[in-house]
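Participant: how does the following fold in three dimensions:
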Amino acid sequence: MAIQILRDLRGLRVQVVHPQDSERVSLVEHLRRIGCMVETQWPVPAAWPDAADVLLLAIDHDARADIQRLLKTNDGARPTLIAIVGYEDPTTLQLVLEAGAVAVIERPIRPFGLLTQLTIARSLWLERRDADKRIRKLERKLAGIQRIQKAKAILMDGQGLSETDAYESIRKQAMARRLSMDDMAAAIINANDLLQYRAKDD
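Facilitator: As a prediction, this is how the structure comes out:
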């Protein structure tokens, strides 16, 4: 995986959000030497850039409000975030942590270490993304199991079936309707809720 990440750095889309100064010029030059496609921006954007794989964000005290506003936006997947800091005071560190940065570049920016930080940040971000996918998949699976359990309980209570027979009933109905067990269970639960709602009205 590490070798692939290094290969992927060439052509990586990087957005540098940093004041217009000599350090930004130097940073952009270093990134382009690595092979990244670089865009620059300042002030801090109102939303996460759609076209960026990596966002290098200057944690500037004067832009604190703009940075916090950006962090509150939740539209789509965020790029790999690397913070650029010039101070190690508690306020700066808190903002770095709130931002969810996976690496930090210190000012003054130097060529040495940039490739390492970029590689580590990208690796951690990809691992986090894959872990999030696995968690969401497990959560969906668990929710499906819970729905099947609830549907079984409804059939056992309403039709006097054993647990095995209730499961088989759900399975057969799902096959007959060409649905997943989870979808069939959800349909049984919804139908039961509707019947109970009508019974209350009567």
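
Participant: quick one: low-confidence ranges for this protein?
Facilitator: Confidence mapping of the chain against pLDDT under 70 gives the ranges 1-7, 74-76, 198-202.

Participant: hey, where'd the helices end up in it?
Facilitator: Chain-ordered helices for the chain, with DSSP state H as the definition, fall at 2-8, 22-34, 64-72, 90-99, 114-159, 163-177, 181-201.

Participant: and the fifth one with helix 163-177, angle?
Facilitator: What that stands for is helix 114-159. Angular relation of helix 114-159 and helix 163-177 on a 0 to 180 degree scale: 110 degrees, by axes from the mean of the first three to the mean of the last three Cα atoms, to 10 degrees.

Participant: and the second one, by the same measure?
Facilitator: What separates the directions of helix 22-34 and helix 163-177 is an angle of 80 degrees, with the same axes, to 10 degrees.

Participant: which secondary structure elements does helix 22-34 contact?
Facilitator: strand 13-17, strand 37-41, helix 114-159 (3 or more Cβ pairs under 8 Å, 6 or more residues apart in numbering; DSSP states H and E). For glycine as for every other residue, the C-beta is placed from the backbone atoms N, C-alpha and C.

Participant: just to revisit the earlier point, which of the helices of the chain sits closest to residue 45?
Facilitator: When those are ranked by distance to residue 45, counting by Cβ to Cβ, first place goes to helix 64-72 at 6.6 Å.

Participant: residues making contact with that closest one?
Facilitator: Outside helix 64-72, the residues within contact range by Cβ atoms under 8 Å, 6 or more residues apart in numbering are 43-48, 57, 59-60, 91, 95, 98-100.

Participant: by neighbours, which of those wins?
Facilitator: Neighbour count (other Cβ atoms under 10 Å) singles out residue 57 as the most crowded of the contacts of helix 64-72, with 27 neighbours.

Participant: grab the nearest non-local neighbour of that one.
Facilitator: Leaving aside its sequence neighbours, residue 57 sits nearest to residue 17 (Cβ to Cβ, 6 or more residues apart in numbering; 4.9 Å).

Participant: specify the beta-bridge partners of the one you found.
Facilitator: For residue 17, the beta-bridge partners are residue 41, residue 57 (DSSP bridges).

Participant: thought residue 78 was touching residue 101?
Facilitator: No. With contact taken as Cβ atoms under 8 Å, residue 78 and residue 101 are classed as non-touching, separated by 10.8 Å.

Participant: how far does stretch 130-150 sit from the chain's center?
Facilitator: For stretch 130-150, the separation from the chain centroid amounts to 17 Å (computed by Cα atoms, centre = their mean, to the nearest Å).

Participant: buried sites along it?
Facilitator: Neighbour-count burial for stretch 130-150, with 16 or more other Cβ atoms under 10 Å as criterion, is recorded at 144, 147, 148.
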